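>>> The following block contains a protein sequence and its predicted model.
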Amino acid sequence: MPMDATRQRFLMCRPTYFAVDYAINPWMDPTAPVDADLAIRQWEQLRQTYRDLGHTVEEIAPLPGLPDMVFAANGGTVLGSKALAVQFRDPQRADEAPAYRAWFEAAGLEVHDPKHINEGEGDILLAGGHLLAGTGFRTAHPAHAQVQEVFGYPVLTMQLVDPRFYHLDTALTVLDEHTIAYLPEAFSPGSQAVLRRLFPDAVHASMADAVVLGLNAVSDGQHVVLPAQATDLAAKLRERGYQTIGVDLSELRKAGGGPKCCTLRLRQGGE
Ligand code: ARG
């Protein structure tokens, strides 16, 4: 059941230098055209949606030569006063890590350096008092132990098995403290069993919703911002009492990203 909406603080990065110049996931085709101006307008629309909901959007300055920097969820994991910085799998994104790290320091957070490949909130999501941590494509399994050590939350490893859903936040979305939505077949049988045990009332998304990155959604407990194309998922969420807000991020999807990828949650203490 939806909880009361909470005001959120998000970090975003304007897609000034966005492009699809390389392919590090199956969504990316460097030969396909991307409308860079449209990407910026769509991103601005997402930012406006958050502001209209009463959320605060902080921004990090985009850097030339880092076309994926718009995907702020990969910039770190922030919980309370602590930030765990990131280490990307792919060299094309490596230079984003120190830029995000510097932002966290300037914001006064206690910054911890990653010991393993760790792609931040793309793979690490707080749900029901646990940190769900994805692995299989990007964040390395040993990184999960560090996440638990830094934040002191129980960390549950989620094994991702479909390369289209390479980050946890492409296969699972946290709706409120007790509820998630996910695509079961994006997970190994064991991880599916864990999810069923922990979240028996979860919303199961269809493949049709997942392939438009419908699960790459951002919820404040009451309103869910998700790709406009994920119409079946939106209907299921409305049945459960959530208000859904569809946004079109067609250009950013060409890099394999949706609303959640563009959004790093800056959680205050205690949430
Ligand atoms: N092109 C980016 C990559 O492959 C997309 C990142 C999407 N971010 C996310 N949190 N799922 O790394």
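Perfect, I can see it now. Residues are numbered from 1 along each chain as shown.
>>> May I have the phi/psi pair for the most far-flung residue of the chain relative to its centre?
Distance from the C-alpha centroid of the chain peaks at residue 31, with 25.7 Å (Cα atoms, centre = their mean). Here is the backbone geometry of residue 31 (degrees, to the nearest 10): phi -90, psi -10.
>>> now residue 251
Residue 251 has phi and psi values of phi -70, psi -40 when expressed as degrees, to the nearest 10.
>>> ok, now which ones touch it?
Contact partners of residue 251, counting by Cβ atoms under 8 Å, 6 or more residues apart in numbering, are 18, 34-36, 38-39, 42. All C-beta atoms are positioned from the backbone trio N, CA, C, and that covers glycine.
>>> and the gap between it and residue 95?
To residue 95, residue 251 is 22 Å away according to Cβ to Cβ, to the nearest Å.
>>> again with residue 110
In this structure, residue 110 and residue 95 are 23 Å apart, going by Cβ to Cβ.
>>> What of residue 103?
Distance, residue 103 to residue 95, using Cβ to Cβ: 14 Å.
>>> likewise residue 67?
11 Å.
>>> More neighbours: which of these two?
Under the neighbour definition other Cβ atoms under 10 Å, residue 67 and residue 95 were set side by side, and residue 67 has more, 22 against 13.
>>> Could you look up the SS state of the more buried one?
For residue 67, the secondary-structure state derived from DSSP: H, G, I helix; E, B strand; the rest coil is coil.
>>> my guess is it contacts residue 17, does it?
Yes: checked against Cβ atoms under 8 Å, the pair residue 67 and residue 17 is within contact range at 5.6 Å.
>>> how about the strands in the stretch 51-200 of the chain?
Using DSSP state E, counting those that start in this stretch, the strands found in the stretch 51-200 of the chain span residues 56-59, 77-79, 82-84, 110-112, 124-127, 130-135, 155-159, 172-176, 179-182.
>>> and the fifth one, how far from the chain's centre?
The offset between the C-alpha centroid of strand 124-127 and the centroid of the whole chain comes to 10 Å, using Cα atoms, centre = their mean, to the nearest Å.
>>> From the structure, what's the count of residues near residue 225?
Number of residues near residue 225 (other Cβ under 10 Å) recorded here: 23.
>>> Could you list the paired strands of the strand or helix carrying it along with their orientation?
According to DSSP states H and E, residue 225 maps onto strand 223-227. Sheet pairing of strand 223-227 (DSSP bridges) gives strand 218-219 (antiparallel), strand 243-247 (parallel).
>>> Please work out which residues outside the first one touch it.
Same thing as strand 218-219. Here strand 218-219 has contacts from 10, 50, 173-176, 224-226, 242, 259-260, 263, using Cβ under 8 Å, 6+ apart.
>>> Any residue of it touching the ligand?
No: for a cut-off given as Cβ under 6 Å from any ligand atom, strand 218-219 has no contacts with the ligand; the smallest distance is 11.2 Å.
>>> average pLDDT across that strand?
Throughout strand 218-219, pLDDT has a mean value of 98.
>>> what residues does the stretch 1-150 of the chain put near the ligand?
Residues of the stretch 1-150 of the chain that fall close to the ligand, judged by Cβ under 6 Å from any ligand atom: 24-25, 28, 68, 71, 73-74, 93, 122.
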